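In: whatever this is, show me its structure:
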Amino acid sequence: MTFDEFPSILKNSMCEEQKSMKAVNEALQRIKRNLEKEHDFIKHASAQSLDDIVNLNVRGMPMTAKRSTLRIFKDSQLDRQFDDAIWSKQQTDTPCIKKWSSEQVADWTKHHDEIPDEVAGLFEENKVTGLELLAFGREDLKELGISRGTLALVIKATKGLQMKSKNNSIFIDHDPYCFGKLLDQLRLK
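Out: Sure thing, here's the model as predicted:
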């Protein structure tokens, strides 16, 4: 039996089914192309290094920009400030306290004027890392055996260290409104 020999109702039903399958296939192909475009975009966006993102402190106003955006105009002040050679030096100068080993923590404690040497011994004995030091609270320090008077000094010093760890932004001494407008213009380039 050939297709022409089927009853007309069955032929019409099969033709409608074929049309709807074509439409679904076209929609599926369109979705597939969009997914590939999105995948390429994500791949491109994730390929950029996080080191290219700069946290700025513009007279107390936090701002974030890509280093490549700040370097659009060659030989400008921003281009020179965020040049590869200078930028890599700034990055290596920034302490990464979270990655300190227990030896580095003990060394910091020994060289901190306000903290008694016995605290350095306690930190060394308990193998306290930089990440742990930044996370310690009053109870954690008491549990290590640090006494009341010394406890306040250690907390004060670790809070200073926490602030230093968080302050990875670069200070820009310009009016925040004007600098924000400048960044907006650079982003449009």
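In: what element comes up after the worst-scoring helix or strand of the chain on mean pLDDT heading to the C-terminus?
Out: Least confident helix or strand of the chain, by mean pLDDT, DSSP states H and E, is helix 84-93 with a mean of 62. Downstream of helix 84-93, the next assigned helix or strand under DSSP states H and E is helix 102-111.
In: buried residues, that next one. List them.
Out: Within helix 102-111, the residues scored as buried using 16 or more other CB atoms under 10 Å are Ser102, Val105, Ala106, Trp108, Thr109. Heads up, the C-betas are built off the backbone N, CA and C, glycines and all.
In: for the protein, what's the longest helix?
Out: When the chain is parsed with DSSP state H, its longest helix is helix 8-47.
In: tell me the pLDDT of Gln29.
Out: pLDDT recorded at Gln29 is 94.
In: that one: neighbouring residues, count only.
Out: Residues lying near Gln29 (other CB atoms under 10 Å) number 10.
In: then the one 4 residues further on?
Out: Other residues within reach of Arg33 by the criterion other CB under 10 Å amount to 10.
In: against Lys22, how distant is it?
Out: 17 Å (CB to CB, to the nearest Å).
In: kindly report the same for Leu141.
Out: Separation of Leu141 from Lys22 (CB to CB): 71 Å.
In: same question for Gly130.
Out: In terms of CB to CB, Gly130 sits 62 Å off from Lys22.
In: of those two, who's got more company?
Out: A direct count of neighbours by other CB under 10 Å for Gly130 and Lys22 places Gly130 higher, at 20 against 10.
In: surely that one meets Glu103?
Out: No - in this structure Gly130 lies outside contact range of Glu103 using CB atoms under 8 Å: 10.5 Å.
In: the very next helix or strand once past the longest helix of the chain pairs with which strands, and in what direction?
Out: Sequence order places strand 53-58 as the next helix or strand after helix 8-47, per DSSP H and E. Its sheet considered, strand 53-58 pairs with strand 61-66 (antiparallel), strand 170-172 (parallel) by DSSP bridges.
In: go through the longest one and flag the buried ones.
Out: Neighbour counts over strand 61-66 (16+ other CB under 10 Å) mark Met63, Ala65 as buried.
In: contacts for it, please.
Out: Here strand 61-66 makes contact (CB atoms under 8 Å, 6 or more residues apart in numbering) with 48, 52-57, 169, 176, 179-180, 183, 186-187.
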